[in-house]
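A.B. asks: Output the structure for:
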Amino acid sequence: MQPRRSGRFVSSLTRSTMAVIMAGGRGSRLGDLTANRAKPAAPFGGKFRIIDFPLSNCVNSGIRQIFVLTQYKAHSLIQHINRGWGYLRGEFGEFIQIVPAQQQLGEQWYLGTADSVYQNLSIVRESHPEHVLILAGDHIYKMDYGPMIAYHTDKEADITVGVIEVSLPEARSFGVMTVDENNRIVRFLEKPDKPEPMPGSTDTALASMGIYVFDTDFLCDKLIADAADPGSAHDFGRNIVPGSIDLEERVYAYPFHDVETKAQSYWRDVGTVDGFFKANLELAQVRPELNLYDDQWPIWTYQEQLPPAKFILDEPARRGAAYNSLVSGGCIVSGAEVRESVLFSNVRVREASKLLKAVVLPRASIGANCRITQAIIDEDCVIPDGTVIGENAEEDARRFWRTEEGVVLVCPHMLH
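C.D. replies: Numbers count the residues shown, from 1 in each chain. Down below sits the predicted model:
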């Protein structure tokens with residue numbers, strides 16, 4: 001018999017695990033960035049979409065049975081998954097299947113995260129997985145799920161919750177838990193006004209990553225009981241996890257740490273405009289925490305066949321250049337200067353323009369003689385010649401959408 005931590009044991013666990021990615025969220029805190037797309041479909045990191053990160057984590061972890069549950073404005077998300085994620089082999093029992101909300105059990109759409117899985121229990125059961133891994137489709141991180149599933153098995157847990165450490169102010173936006181000396185969760189509160197610090201700390205709390213491992217039979221029983229409760233919000237964080245703790249069932253926290261260094265691993269919730277902006281710009285740093293150049297853990301995606309990025313003109317006031325920036329395929333920087341920015345695919349930046357701390361999404365066009373600072377330029381924006389963004393807070397707020405931290409979001413309809 002293999003040791004419980006051996007590679008073979010872990011790989012057998014991941015092969016018998018099904019992942020369910022909840023990708024139906026609207027992401028209202030992202031404002032107009034999600035006006036026409038679900039949050040998991042939002043572009044990220046120059047050439048990816050947010051959904052690519054949990055999908056890549058599953059495939060790299062050896063989990064090859066994946067359902068993606070969609071609901072809100074899912075067209076671009078479905079199109080992206082169909083184009084870029086259709087390479088698994090059905091004859092080996094591998095699949096990534098998109099499951100739109102279908103009112104399978106009545107006349108209502110998904111009422112909450114737990115209800116979204118409950119409405120699809122029949123298709124989960126058809127594959128007979130031993131474990132079900134529940135994932136949010138809207139976070140940025142790299143994680144091998146195998147050790148977490150092995151931890152769940154070692155603890156003989158009913159539920160295992162992936163956790164990170166966050167500051168107390170941040171914790172108000174998360175599910176927050178208290179654990180005993182064995183990491184068994186004894187209390188769990190969703191988005192508390194006064195988060196409880198983690199043991200041994202006064203300023204940090206243990207927060208849920210929205211990642212759960214369940215034994216399949218336990219999950220089915222819980223969801224059926226929850227669906228029958230008219231007072232439930234039908235949510236994993238509000239109902240399933242706290243209710244299981246109240247019944248003294250075996251609910252454990254799995255700290256998301258680097259396996260070797262034990263330091264907390266990279267994880268970002270990009271659910272706000274400020275968070276989205278910061279996480280993108282971090283990638284342009286000299287040594288970003290999230291390494292997109294890691295051959296051992298690639299982030300897979302669909303990408304168009306595009307020509308290389310091009311920088312043209314080399315005169316004193318007309319020099320195409322980029323510094324400390326990510327520039328994707330199909331971009332042309334023509335006599336312009338780009339600093340500490342991220343340019344997604346097929347972006348154009350024209351003569352004498354200057355970009356500083358700009359996140360420019362696909363197919364946007366920046367005219368000549370523009371100055372753009374601390375801004376997100378949405379897909380397909382055409383910025384007129386001479387436009388100045390990010391230098392006058394009052395003017396920015398009048399024309400565009402400006403966050404409390406001073407990030408300016410520009411979308412096509414704001415330019416009319």
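
A.B. asks: mind listing the strands in the stretch 101-250 of the chain by residue range?
C.D. replies: 131-136, 139-141, 159-167, 175-179, 185-190, 204-215 (DSSP state E, counting those that start in this stretch).

A.B. asks: Which of those strands sits closest to G45?
C.D. replies: Put simply, out of the strands of the stretch 101-250 of the chain the one that sits nearest G45 is strand 139-141, at 7.9 Å, with distance taken as CB to CB. C-beta here means a position set from N, CA and C on the backbone, and glycine is covered the same way.

A.B. asks: Could I get the average pLDDT for the closest one?
C.D. replies: Average pLDDT, strand 139-141: 93.

A.B. asks: ok, residues contacting that strand?
C.D. replies: Residues outside strand 139-141 that contact it (CB atoms under 8 Å, 6 or more residues apart in numbering) are 44-45, 50, 53-54, 57, 209-210, 256, 265-270, 279, 290.

A.B. asks: Name the strands paired with that strand and say parallel or antiparallel.
C.D. replies: strand 267-269 (antiparallel) (DSSP bridges).

A.B. asks: for the nearest residue to F44 once chain neighbours are set aside, phi and psi?
C.D. replies: By the measure of CB to CB, 6 or more residues apart in numbering, the closest residue to F44 outside its immediate chain neighbours is I50, 5.1 Å from it. Recorded main-chain torsions at I50 are phi -60, psi -40, according to degrees, to the nearest 10.

A.B. asks: if I pick I50, what's in contact with it?
C.D. replies: 39-42, 44, 137-140, 270.

A.B. asks: Tell me which stretches of the stretch 151-300 of the chain form helices.
C.D. replies: According to DSSP state H, counting those that start in this stretch, the stretch 151-300 of the chain carries its helices in the segments 168-171, 216-227, 241-246, 273-282.

A.B. asks: Output those in a markdown table; the columns should cover mean pLDDT and distance to D294.
C.D. replies: Putting the helices of the stretch 151-300 of the chain into a markdown table (pLDDT from 0 to 100; distance: least, CB to CB, whole Å) gives the following:
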| stretch | mean pLDDT | distance to D294 |
| --- | --- | --- |
| helix 168-171 | 92 | 26 |
| helix 216-227 | 96 | 32 |
| helix 241-246 | 94 | 32 |
| helix 273-282 | 95 | 15 |
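
A.B. asks: deepest of these, which one?
C.D. replies: Among the helices of the stretch 151-300 of the chain, the stretch with the highest mean neighbour count (mean count of other CB atoms under 10 Å) is helix 273-282, at a mean of 21.

A.B. asks: who does the following helix or strand past that helix touch, helix- and strand-wise?
C.D. replies: Later in the chain than helix 273-282, the nearest helix or strand by DSSP states H and E is strand 310-312. With contacts defined as 3 or more CB pairs under 8 Å, 6 or more residues apart in numbering; DSSP states H and E, the packing partners of strand 310-312 are strand 332-334.
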